[in-house]
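Engineer: Just a sequence and a predicted model for now, questions to come.
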Amino acid sequence: MAEEVRVRIAPSPSGNLHVGTARTALFNYLFAKKMGGKFVLRVEDTDLERSSDAYIKNIFDSLKAMGLNWDEGPDIGGPYAPYTQSEKFDVYKKYAKELLDKGFAYECFCTQEELDEEKQRAIDEKRPHVYSGRCRDLTEEEKAKFRREGRKAVIRFKMPSKIMKFHDLIKGDLEFDTSLMGDFVIMKSNGSPTYNFAVVIDDMQMAMTHIIRGEDHISNTPKQIAIYEALGAKVPEFAHVGMILAPDRTKLSKRHGATAVSDFIEQGYLPEAFVNFVALLGWAPSDGVEIKTLDEIIADFSLESISPSNSIFEFDKLNWMNGQYIRSMDNSELTRRALKYMQQYNLSEYSTEKLEEIVASVKEPITVLSEITDAVEYYFGEDVQPNIEAQDILNAPEAKDVLSRSINLVNSFDFSDHDGLVEKLMAFRKSFENVKPKNVMWTIRAALTGRLRGAELSAVFTILGKERCLHRIKKALGE
RNA sequence: AGCGGUAUCGUCUAGGGGUUAGGAUAGCAGAUUCUCAAUCUGUUGACACGGGUUCAAAUCCCGUUACCGCCGCCA
């Protein structure tokens, strides 16, 4: 029987969940589900100063919103708890000591200044900077002397010099000359582990079978493999995904606007549309149908089909996709989500059913939920303030005639008979000799909504109701 | 500088020794319309460059270029 697939997403809570991390999480999740394995969430908060609980909450919430539920994690536990690095500093210490005892690592007392000096010399001499390893063979006396001076040691891993090869599931065969890497720090002088050390210990302890992550970690991989080997542990499979870049081809950052998943959700992107879009960055459906649920994507997914190159995050397609999801969403569900963007209005003016009608009437051209706020404005309050184009229409010579005749039209409406109402409206718009049907409609629309674009007029009539329609028409007439 | 990676329409991508190089999105044009930014139809647009290998190269190999990443007691 094949070994159970175990993968993880290991964000560090020094910021809200980033789009890039979200995509990595997605690919891990898809792979786990495809293989019938486990998707694990681990919090990498060894850098305590930059980590915060608010970010942890944001990461959890964002992942859940996208539907990427984890099988094991800090909040729900699991067979390999704890899932938070800061809770297992003693474990890292134990393994560091083991490496020390077995001669795979050593204490280094170099100060920051000494290190900087080494580095500067390397730059001046135009050769690659690699730590000299001058502390490798310190005698006990020398160590004691440094300690008396008050120097705190870090622990460095003895990087073996060799050509290290490994097969990456996405990038193919990779090889590195590890003599170019030098002995790197695994335990900081304050007793906390560095990233490269903590990941290996955790991935090993948590029995990870595949490490799927961003290609910014490719150069770390040889170091990590060396640690696995020193510990006599099984080395997992690696799969490095390309990066997500901003339209200017640089790393996606704050100056490009939204970078956190929660920013997108806040702006009114539906989490399910967002996940769908992100999945398409680096992966393509075999049948060409791009709009798919997570389950459909799982069915069609494979690691090998992920593109090895970087991809640019452009809004065009995200916007289109979000619009598709909005249009196809059930009205009551859509209304429930849209309410958040309608809080500035007096919602008690309408029943729940009416609110659903309102949302349904304006949803068609919307790409982002936050546009609902503006789209729905004219349904609230007694009066509307015509915008410039609407005012122009209202000022046209034929407007008065159209409006006064529309009073009779409204009076003739049976508001409970929508089809009949549409029929009368259609007849009305063609009943003028000198006014084009389009202008008839524009004039009424201007009076009712204060603008020239919006929901279908018949819907506006029905939702506003007889009294308010008459009121607004008369107001536009100057009465 | 060094090391590593990547290279198909503007963008996301399919394909991959012989194809009219396909789709999506954006753009453009038209249709439609209870206003429209929705919808429908049509259309512009790509294998980075140079050498090989081969009957045949966008596809395989080498080099060049460009871009990205890594070189922290950040993760």
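Structural biologist: Looks like it arrived, so ask away. Residues are numbered from 1 along each chain as shown, chains lettered A, B, ... in the order given.
Engineer: got the residue ranges for the strands in chain A?
Structural biologist: Taking DSSP state E to define them, one finds strands in chain A at A:6-9, A:38-41, A:105-108, A:154-157, A:163-168, A:172-177, A:184-187, A:210-214, A:237-241, A:244-245, A:311-312.
Engineer: Dump those into CSV; add distance to RNA strand B as well.
Structural biologist: (C-beta placed from N, C-alpha, C; glycine too.) CSV is the format used below for these (distance: least, C-beta to the nearest atom of the strand, whole Å):
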stretch, distance to RNA strand B
strand A:6-9, 11
strand A:38-41, 13
strand A:105-108, 7
strand A:154-157, 5
strand A:163-168, 8
strand A:172-177, 5
strand A:184-187, 4
strand A:210-214, 8
strand A:237-241, 8
strand A:244-245, 6
strand A:311-312, 3
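Engineer: Flag the shaky bits of the stretch 1-150 of chain A, pLDDT-wise.
Structural biologist: Residue ranges of the stretch 1-150 of chain A with pLDDT under 70: A:1-2.
Engineer: and it, which residues reach RNA strand B?
Structural biologist: By C-beta under 7 Å from any atom of the strand, the residues of the stretch 1-150 of chain A that approach RNA strand B are A:12, A:14, A:44, A:46-47, A:50, A:110-112, A:115, A:119, A:126, A:128-130.
Engineer: Please type out the PyMOL selection for whichever of the residues you listed turn out to be buried.
Structural biologist: In PyMOL, this line selects whichever of those come out buried by 16 or more other C-beta atoms under 10 Å:
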select buried, chain A and resi 12+44+46+47+110+130
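Engineer: And the furthest pair within the residues of the stretch 1-150 of chain A next to RNA strand B?
Structural biologist: A:E44 and A:K126 (35.7 Å; C-beta to C-beta).
Engineer: Turn the strands of chain A into TSV, columns for mean neighbour count.
Structural biologist: Shown next, in TSV, are these (neighbours: other C-beta atoms under 10 Å):
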stretch	mean neighbour count
strand A:6-9	24
strand A:38-41	24
strand A:105-108	21
strand A:154-157	22
strand A:163-168	14
strand A:172-177	12
strand A:184-187	22
strand A:210-214	22
strand A:237-241	22
strand A:244-245	20
strand A:311-312	15
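Engineer: got a list of what the residue lying closest to A:A96 once chain neighbours are set aside touches?
Structural biologist: Nearest non-adjacent residue to A:A96, counting by C-beta to C-beta, 6 or more residues apart in numbering: A:M187, 4.8 Å away. A:M187 sits next to A:Y92, A:K93, A:A96, A:V154, A:I155, A:P193, A:T194, A:F197 when contact means C-beta atoms under 8 Å, 6 or more residues apart in numbering.
Engineer: Quick check on the residues you listed: which are buried?
Structural biologist: Applying 16+ other C-beta under 10 Å to the contacts of A:M187 flags A:Y92, A:A96, A:V154, A:I155, A:P193, A:T194, A:F197 as buried.
Engineer: Let me have those residues in JSON lines, adding distance to A:E296 as columns.
Structural biologist: What follows is these, written out as JSON lines (distance: C-beta to C-beta, whole Å):
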{"residue": "A:Y92", "distance to A:E296": "41"}
{"residue": "A:A96", "distance to A:E296": "46"}
{"residue": "A:V154", "distance to A:E296": "49"}
{"residue": "A:I155", "distance to A:E296": "48"}
{"residue": "A:P193", "distance to A:E296": "40"}
{"residue": "A:T194", "distance to A:E296": "40"}
{"residue": "A:F197", "distance to A:E296": "40"}
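Engineer: Just flag the most distant two among those residues.
Structural biologist: Across the buried ones among the contacts of A:M187 (C-beta to C-beta), the longest gap, 13.0 Å, separates A:Y92 and A:V154.
Engineer: before we move on, back to that, please narrow the residues of the stretch 1-150 of chain A next to RNA strand B to those residing in helices.
Structural biologist: A:Q112, A:L115, A:K119 (DSSP state H).
Engineer: Including distance to A:E377, could these go into CSV?
Structural biologist: Output for these, formatted as CSV (distance: C-beta to C-beta, whole Å):
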residue, distance to A:E377
A:Q112, 59
A:L115, 62
A:K119, 60
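Engineer: From one end of stretch A:406-426 to the other, what's the distance?
Structural biologist: Stretch A:406-426 has an end-to-end distance of 12 Å (C-alpha to C-alpha, to the nearest Å).
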